[in-house]
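Engineer: fold the following and give me the result.
(2 chains)
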Amino acid sequence: MEMEAVFLAFVLMLSIFLGFELISKVPATLHTPLMSGANAISGITLVGALTSAGAGNEQIATWLGATAVGFATINVVGGYMVTNRMLSMFKKKEAPPKTGEGA
Amino acid sequence: MSLSIELINVWYIVAAALFIYGLKQLGSPATAVRGNLLSAIGMLIAIVVTLFSKGIVQFEWIIGAIIVGTIIGSGF
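Structural biologist: Numbers count the residues shown, from 1 in each chain, chains lettered A, B, ... in the order given. Okay, the predicted model is just below:
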C-alpha cells in the first residue's frame, strides 16, 4: 500500500521536470497560445464529470454531473478551437498580431 | 460492452503521451498547429475510452450534455 504512494511520488517528480522542460524554451509570441492550449488540456476533468454523471446515482447527482459534463465540454471544445484560431494567425516566421481582428 | 480498468488506463497512457508530445510541439511556431491537434486527439481518446468504463450505466444525460457543450463551445 505504501509502495503505491512511492510510485506516485516518482511520477510526480518526473512530471515536474517534464513540465518544466516543455515550457521553458517557448518563444514569447507563443505564450498566449500555450496558455490557451494548456487550459484546454486542463479540461481533462471532463473524464471525472463523465464518471459522476453516468454512475446511476440519485436524480440530483446525475443532474449535477450532467451540468458538470456540459461545462467541461464547453471548456475543452472552446479551448482547442480558440487555440487553433490563435495559431492560425502565425502564417510566417515574423509575428503577425496573435489576438483577433477576427470575430 | 465495457472494458477492464487496466485496459482503460493503458489508453489513458496513450492519451497522456499525446498530450505531452502535443504540448512540446506547441512551443515552436512551425509545429504549433499540429501540436494543438495532437493534444485534441489525446483528449478525444481519453473521453471515448472513459465512456466504455464499467462505472457508467446511463448515457442519456451524458450525451445530451456533451452535445449542448459542443454547440456552445464551438460558438454556433
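Engineer: the nearest residue to B:V68 once chain neighbours are set aside: neighbour count?
Structural biologist: In space, and not counting its chain neighbours, B:V68 is closest to A:G70: 5.3 Å by Cβ to Cβ, 6 or more residues apart in numbering or on different chains. No exception for glycine: its C-beta is placed from N, CA and C like everyone else's. Look at A:G70: counted by other Cβ atoms under 10 Å in any protein chain shown, it has 24 neighbours.
Engineer: repeat that for A:M3.
Structural biologist: A:M3 has 7 neighbours, counted by other Cβ under 10 Å.
Engineer: how about the residues of chain B near chain A?
Structural biologist: Selection of chain B residues close to chain A by Cβ under 8 Å from any Cβ of the partner chain yields B:19-20, B:22-24, B:26-29, B:32-33, B:35-37, B:39-40, B:43, B:46-47, B:50-51, B:53, B:55-59, B:61-62, B:64-66, B:68-70, B:72-75.
Engineer: can you flag the buried ones in these?
Structural biologist: B:19-20, B:22-24, B:26-27, B:29, B:32-33, B:35-37, B:39-40, B:43, B:46-47, B:50-51, B:53, B:56, B:61-62, B:65-66, B:68-70, B:73 (16 or more other Cβ atoms under 10 Å in any protein chain shown).
Engineer: so of the residues you listed, which ones are in helices?
Structural biologist: Here DSSP state H is the test, and these give B:19-20, B:22-24, B:32-33, B:35-37, B:39-40, B:43, B:46-47, B:50-51, B:61-62, B:65-66, B:68-70, B:73 as lying in helices.
Engineer: now A:F10: which helix or strand?
Structural biologist: Using DSSP states H and E, A:F10 sits in helix A:2-24.
Engineer: what's the mean pLDDT across that helix?
Structural biologist: The average pLDDT within helix A:2-24 is 94.
Engineer: ok, the residue nearest to B:V68 - contacts?
Structural biologist: By Cβ atoms under 8 Å, 6 or more residues apart in numbering or on different chains, A:G70 lies in contact with B:A65, B:I66, B:V68, B:G69, B:I72.
Engineer: closest to chain A out of those residues?
Structural biologist: Chain A has its nearest neighbour among these in B:G69, at 2.6 Å by Cβ to the nearest Cβ.
Engineer: list the contacts of the nearest residue to the closest one once chain neighbours are set aside.
Structural biologist: Spatially, and ignoring its direct neighbours in sequence, B:G69 is nearest to A:T73 (2.6 Å; Cβ to Cβ, 6+ apart). Contacts for A:T73 (Cβ under 8 Å, 6+ apart) come out as A:G43, A:L46, B:A65, B:I66, B:V68, B:G69, B:T70, B:G73.
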